[in-house]
Structures are given as structure tokens and as C-alpha cells.
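Peer 1: any chance you could fold what I've pasted below:
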Amino acid sequence: MESKRVFVIGLDGATFDLIDPWVNEGRLPNLKRLLDKSTYGRLESTIPPITPPAWTSFTTGMNPGRHGVWDFFILEPNSFKKVLVNSSHVRSKRFWDLAGERGKKNIILYVPFTYPPQKIEGAMVSGFPAPSQGEYVYPKEMNEELEEKLGKWWVKVDVDQYGDSQEEAFLEEIYRSLEARFRVADYLMQKEWDLFVFVIMETDWVQHVFWGKKDQCLLPLYAKIDGIIGHFMESLREEDAILILSDHGFGPIRKTFYLNSWLREKGFLASRRQWGYSKESLDEGFFHHRKGSSWVKKIRWALSKRNTGIDWRKTQAYFNDTGSINGIRINLMGREPEGIVTPEEYDEVRNRVIEELNSAMDEEEGRKVMERIYRREDIYWGPYTKNAPDIIFVPDSEYTLHGRIKDDILKKSREGRSFHRLGGILILRGPGVRKGRKIEGAHIMDMAPTILHLMGLPVPKGFDGKVLTEALEPEVVKMFPIRVEDIPLEVEVPEFVVEGAEEEEVKRRLRGLGYIE
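Peer 2: Residues are numbered from 1 along each chain as shown. You can find the predicted model right below:
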């Protein structure tokens with residue numbers, strides 16, 4: 001295609017389940033105006049639909065087996081030690097790297113897992129879960145420029161600081177964060193660029209906590225974002241393409257399924273009593289519960305950790321504990337630190353777990369707990385597939401998963417809580433894009449090749465995603481056929497380790513959002 005600028009807004013966790021009714025009611029006029037002139041529809045996320053693999057698949061055009069990011073943590077080989085994932089763990093070029101190689105200028109703002117920022121042709125501000133301290137801007141001197149022009153421009157939100165009685169304070173912090181990010185984006189938008197990517201995380205954070213208060217808490221936030229979208233639309237050129245997407249959808253959860261408890265009941269896992277508790281577990285209790293929680297509640301949480309020990313000598317399978325990923329690992333000899341399942345037994349044990357998991361029922365509701373179950377090689381491919389859990393699954397839409405071992409296997413969740421869904425949003429407008437057309441079958445991996453094609457650039461042969469030609473006018477597809485080239489995609493980046501105070505800060509934020517224990 002002819003070279004054009006592409007402007008991307010990412011709305012983390014945005015869903016048409018919220019947007020459609022509010023658009024129809026006239027509450028989101030700018031999104032309504034955009035949808036009328038766009039190709040739009042459901043955007044399928046990664047499995048599981050969580051931030052690390054989803055946004056990384058968006059930026060690389062690849063499945064997790066090829067870009068290497070599965071969750072918020074990775075396990076060190078033959079160890080239970082967890083390492084926070086950061087940009088150095090992404091094993092493939094991002095689409096802005098490919099654009100930069102062709103001389104295009106990029107402004108990349110707040111995209112998750114871009115900390116620490118890598119060198120690009122343009123400017124970058126790292127995204128979630130970047131700590132508040134550290135070098136999160138490229139080039140470094142841009143930090144001084146932003147401070148000079150905007151004053152205090154970096155705002156972090158620690159969800160765990162706010163208790164249930166501090167709803168107003170939490171929302172005020174969310175709006176401060178959104179306003180600060182918008183000011184940065186609005187300022188940098190005035191510079192020269194060919195590709196502009198701006199991710200808004202606040203949608204995800206508020207939906208996790210306030211799904212049960214849609215009109216009171218979620219609608220005002222979406223209305224504010226609708227105004228931001230309208231501002232940007234007025235600032236763009238007529239020939240610019242605009243893409244709005246989310247990394248996954250959202251929906252209510254009614255029950256928690258304690259998977260390691262279930263594995264214990266089925267004989268795949270054994271637990272042991274741990275009568276002592278460490279200072280670390282007590283400290284975690286204080287970090288885990290928000291301000292406003294009683295000391296008794298915090299101490300009880302720490303004491304409850306006594307009963308979560310796994311007896312590895314008698315355990316064949318366990319729920320993967322690296323953040324949010326919905327996966328089970330086989331306790332394989334030679335791979336796991338205390339593995340007992342031999343390579344010869346591996347397939348038989350995995351098949352038995354899958355068979356039992358497929359039959360897991362919520363007897364009270366009369367429904368299966370799991371919607372989809374996969375062997376890892378069924379849905380991932382590439383050199384890093386070996387690092388994935390052995391069994392991957394998607395629970396029924398109203399169930400969430402937890403790794404703690406409890407007496408109860410199923411427990412009702414707190415009222416008004418929500419979690420991720422597979423279906424995100426896709427809205428694409430621009431010259432040559434079909435208007436008022438609903439698209440089906442789009443996947444988040446399709447975004448990178450589609451963006452490059454819209455910019456008039458070649459698409460790497462090695463992408464797993466495809467250009468969404470069905471979103472384009474047929475004559476445009478004929479006039480500007482896709483150029484596929486054999487472009488190297490692998491990258492070698494020196495490993496960066498987030499540790500110390502930075503690591504603790506990131507963990508606190510993840511706990512506050514319910515991503516980790």
C-alpha cells in the first residue's frame with residue numbers, strides 16, 4: 001500500500017459487552033462516529049487471555065511458542081525460582097523495530113512489557129509493569145524534556161493501597177494516571193512520527209475491581225476515554241489510519257476453582273502441613289491486603305500459608321504458579337526440581353489429568369468448570385513451546401482459578417468481581433478500509449502484519465499472524481498486494497533482571513490486581 005501513518009490506541013481489557021450498549025445509548029459519541037466509518041469486530045486473544053502473552057503477540061505477530069513470553073514470571077531451569085518477565089525476555093522483533101529498519105519514526109507509549117526500553121527509531125515510554133524508579137524512557141534525555149514541558153508526568157497506581165472503603169480515592173488515582181499518560185501522548189503526538197502506539201491500562205484495572213458498578217465507575221472512565229479518542233481523531237490527518245484494540249475482553253466471575261485442591265482430590269498432588277511461617281509470608285500478608293484491612297486479616301492470610309505446601313515426592317502434576325497462566329505442569333523427572341514422573345510415564349499421566357479435568361463439574365450449578373483443554377503442542381509452536389505448561393486450558397467464562405490448597409475446591413467469588421475473556425475489540429478506520437463492516441475471525445497476532453501493510457511496508461514471511469485483507473476494500477487489495485519478504489525476526493538481548501525494591505514494587509502491583517498471590 002501507499003505509505004501512510006498509523007495511529008494505535010490500546011484499551012487493555014476493553015470489551016464490546018460494555019461498549020455496544022453505551023454506544024447505542026449515545027454515551028460514547030466519538031466511538032460511535034468511529035464505528036460508523038470502520039471495520040470492527042471481536043479480536044481473539046491468546047490462550048490464556050492474559051496481559052503478558054497477549055500484548056507480546058500483538059507486538060510480534062507471533063504465538064508465545066516463538067516469542068517466549070507466557071506469564072508475568074518465568075521459572076529458572078530445574079528450579080521453582082520465579083523471575084519477573086521484562087522486555088529482555090521477548091525473543092522476537094516488535095513491529096516498530098521492523099518499521100524503524102525501513103526508516104520510519106515511532107512513538108511507543110506504555111505498551112506492556114517494554115521495560116526496560118530497547119533502542120528504537122523514535123521514542124518510547126515503558127509500560128506496565130515498569131517500576132516507578134528506573135530508566136523507563138528512550139532516549140534517556142527525553143525524560144528531562146518531558147519534565148520541563150509537562151512537570152510531574154509519571155504516575156503509578158498501586159491498587160493494593162486502596163481498601164473497599166476507599167473507592168473514591170482509588171478512582172481519583174486512576175484518573176490522575178490517565179490524565180498524565182494523555183498529556184504525554186498529546187505532547188509527543190506533535191512530533192514527527194509514522195507509527196504512534198498508545199496503550200491505556202486503566203480500563204483493565206478499574207474493570208477488575210468495579211465490574212459490579214458499571215454505570216457508577218466504568219461508564220465515566222469509558223466516557224473520559226471517548227473524549228480522548230475524539231481529541232486524537234481531530235488531531236489526525238485525513239489519510240491517517242487509526243486502530244483501536246484490546247488485548248482481551250472482560251466479564252464477571254462467580255466462583256473460584258482451587259485447582260491444586262482438585263488435583264489433590266484426584267490423587268495427582270499430595271500436600272503436607274507446614275506448621276511454621278516465615279517472616280516473608282507475614283510480609284506478603286501485609287502487601288497482599290490493601291490499606292484499610294485489619295491486622296487480624298493480614299496475619300490470618302500469612303498463617304494460612306502454613307497449609308499450602310506441596311509434597312513433591314508424591315506429586316505427579318501441579319497448577320502452574322507463575323502469575324495468571326491457566327496451566328498444569330507434570331512433575332517430570334529431570335525437568336522439575338523434584339520430579340517423580342519418568343519420561344516414559346509422561347504421556348500417560350498427562351492424558352489422565354486431561355481426562356479428569358474434562359470431567360470436572362460444579363455440581364451446584366450443574367455445569368463443567370472447563371471450557372477448553374489443550375496439550376501445549378496443540379496450540380503453540382516454536383522453540384519456546386517447551387517452556388510452556390504441559391496442559392493449557394480456558395475455564396468456563398464465570399470461573400477463575402487459584403493455586404492455593406484449601407479444603408474447598410469451589411468457592412463463590414466476591415460480588416462484582418471480573419476477569420479476562422478471550423474476545424477483545426478491534427476497530428480499524430482509514431483510507432482503503434471498509435466502512436461499517438463487521439469482521440470475524442481476527443486474531444491479536446494479525447495486528448502486527450496488518451499495521452506494517454497499512455504503513456506500506458513488507459510483511460515478514462515468519463509471522464504467525466496475517467494481514468486482515470477482509471478489512472480492506474477489494475480494489476485496494478488488488479492495487480496494493482501484500483509484499484512478503486524473508487526478514488530476520490529473532491533478537492538477542494542481554495538478559496535484564498528486575499530485583500530488589502523494583503521487584504517488590506512490581507509484585508505489590510500484581511497482587512493488588514489479583515494476578516499473583
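Peer 1: how many residues are close by G134?
Peer 2: If you count neighbours by other CB atoms under 10 Å, G134 ends up with 15. (Each C-beta comes from the backbone N, C-alpha and C, glycine too.)
Peer 1: my read: it touches K140, true?
Peer 2: No: contact criterion CB atoms under 8 Å: G134 and K140 do not qualify, at 11.4 Å.
Peer 1: which stretches in the stretch 101-250 of the chain count as helices?
Peer 2: Taking DSSP state H, counting those that start in this stretch, the helices of the stretch 101-250 of the chain run over residues 141-150, 167-188, 202-210, 219-235.
Peer 1: render the CA-only coordinates of the second one in CSV, please.
Peer 2: Written as CSV, here are the backbone C-alpha positions of helix 167-188 (Å, rounded to 0.1, in the frame of the first residue of the first chain):
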residue,chain,number,x,y,z
GLU,A,167,-13.3,3.6,46.2
GLU,A,168,-13.3,7.4,45.6
ALA,A,169,-9.5,7.7,46.3
PHE,A,170,-8.7,4.8,44.0
LEU,A,171,-10.7,6.2,41.2
GLU,A,172,-9.1,9.6,41.7
GLU,A,173,-5.7,7.9,41.3
ILE,A,174,-6.9,6.2,38.2
TYR,A,175,-8.0,9.5,36.6
ARG,A,176,-4.7,11.2,37.6
SER,A,177,-2.8,8.3,35.9
LEU,A,178,-4.9,8.5,32.8
GLU,A,179,-4.6,12.3,32.6
ALA,A,180,-0.8,12.1,33.0
ARG,A,181,-0.5,9.5,30.2
PHE,A,182,-2.8,11.5,27.9
ARG,A,183,-0.6,14.6,28.4
VAL,A,184,2.5,12.7,27.4
ALA,A,185,0.8,11.2,24.4
ASP,A,186,-0.7,14.6,23.3
TYR,A,187,2.7,16.3,23.6
LEU,A,188,4.6,13.7,21.7
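Peer 1: what's that helix packed up against?
Peer 2: With contacts taken as 3 or more CB pairs under 8 Å, 6 or more residues apart in numbering; DSSP states H and E, helix 167-188 sits against strand 106-109, helix 141-150, strand 195-200, helix 202-210, helix 219-235.
Peer 1: got any ranges where the protein has weak pLDDT?
Peer 2: 1-3, 158-165, 274-308, 324-325, 517 (pLDDT under 70).
Peer 1: domain ranges for it, per the record?
Peer 2: Using automatic domain parsing, the domains assigned to the chain come out as 6-251+419-512, 255-270+311-412.
Peer 1: just those domains: most buried one?
Peer 2: For those, the largest average neighbour count (mean count of other CB atoms under 10 Å) is found in domain 6-251+419-512, namely a mean of 19.
Peer 1: how far does it stretch from start to finish?
Peer 2: 34 Å (CA to CA, to the nearest Å).
Peer 1: just to revisit the earlier point, for I405, find the nearest of the helices of the stretch 101-250 of the chain.
Peer 2: Between I405 and the helices of the stretch 101-250 of the chain, the shortest separation by CB to CB is 24.1 Å, and it involves helix 202-210.
Peer 1: what angle sits between the closest one and helix 219-235?
Peer 2: Counting by axes from the mean of the first three to the mean of the last three CA atoms, to 10 degrees, helix 202-210 lies at 170 degrees to helix 219-235.
Peer 1: leaving out chain neighbours, which residue sits closest to S88?
Peer 2: If the residues on either side of it in the chain are set aside, S88 comes closest to F496, at 4.1 Å by CB to CB, 6 or more residues apart in numbering.
Peer 1: residue contacts, the one you found?
Peer 2: Contacts of F496 were listed using CB atoms under 8 Å, 6 or more residues apart in numbering, and they are 86-88, 116.
Peer 1: re earlier: nearest to L243, of the helices and strands packed on helix 167-188?
Peer 2: Of all the helices and strands packed on helix 167-188, strand 195-200 comes closest under CB to CB, at 9.1 Å.
Peer 1: list the neighbouring strands of the closest one plus their orientation.
Peer 2: Counting by DSSP bridges, the strands paired with strand 195-200 are strand 6-11 (parallel), strand 106-109 (parallel).
Peer 1: and for it, what's in contact with it?
Peer 2: Residues external to strand 195-200 that are found in contact with it (CB under 8 Å, 6+ apart): 5-12, 55, 95-96, 99, 104-112, 122, 127, 178, 181, 185, 188-189, 225, 228, 451, 455.
Peer 1: before we move on, what about stretch 95-106?
Peer 2: By CB under 8 Å, 6+ apart, the list of residues contacting stretch 95-106 from outside reads 59-61, 108, 118, 120-124, 192-197, 447-448, 451-452, 455, 457, 460, 487, 491.
Peer 1: which one of the strands paired with strand 195-200 lies nearest to G423?
Peer 2: The closest of the strands paired with strand 195-200 to G423 is strand 6-11. By CB to CB, the value is 13.5 Å.
Peer 1: following the chain onward from that closest one, which element is next?
Peer 2: Under the assignment DSSP states H and E, the closest C-terminal helix or strand after strand 6-11 is helix 16-24.
Peer 1: which other helices and strands does that following helix contact?
Peer 2: Contacting helix 16-24 under the criterion 3+ CB pairs under 8 Å, 6+ apart are the following elements: helix 29-36, helix 219-235, strand 249-252, strand 423-429.
Peer 1: quick one: end-to-end distance for stretch 374-385.
Peer 2: 13 Å.
Peer 1: other residues contacting stretch 327-345?
Peer 2: Defining contact as CB under 8 Å, 6+ apart, one finds that stretch 327-345 is touched by 48, 78-80, 259, 263, 312-320, 346, 349-350, 353, 357, 376, 388-393.
Peer 1: E371 should be in a strand, yeah?
Peer 2: Yes: the assignment for E371 by DSSP: H, G, I helix; E, B strand; the rest coil puts it in a strand.
Peer 1: wait, what's in contact with it?
Peer 2: The contact partners of E371, taken as CB under 8 Å, 6+ apart, are 393-397.
Peer 1: if we use 7 Å, what do you get?
Peer 2: With contacts defined as CB atoms under 7 Å, 6 or more residues apart in numbering, E371 is in contact with 394-396.
Peer 1: let's see which of these end up in strands.
Peer 2: Counting by DSSP state E, the contacts of E371 place 394-395 in strands.
Peer 1: quick check, nearest of the contacts of E371 to G432?
Peer 2: Closest to G432, out of all of the contacts of E371 and judged by CB to CB, is V394, at 35.0 Å.
Peer 1: these two touch, right, the closest one and I47?
Peer 2: Yes: using CB atoms under 7 Å, V394 is in contact with I47, at 6.0 Å.
Peer 1: sorry, back to before: so which of the helices and strands packed on helix 167-188 gets nearest V477?
Peer 2: Smallest distance to V477 across the helices and strands packed on helix 167-188 (CB to CB): 21.7 Å, for strand 195-200.
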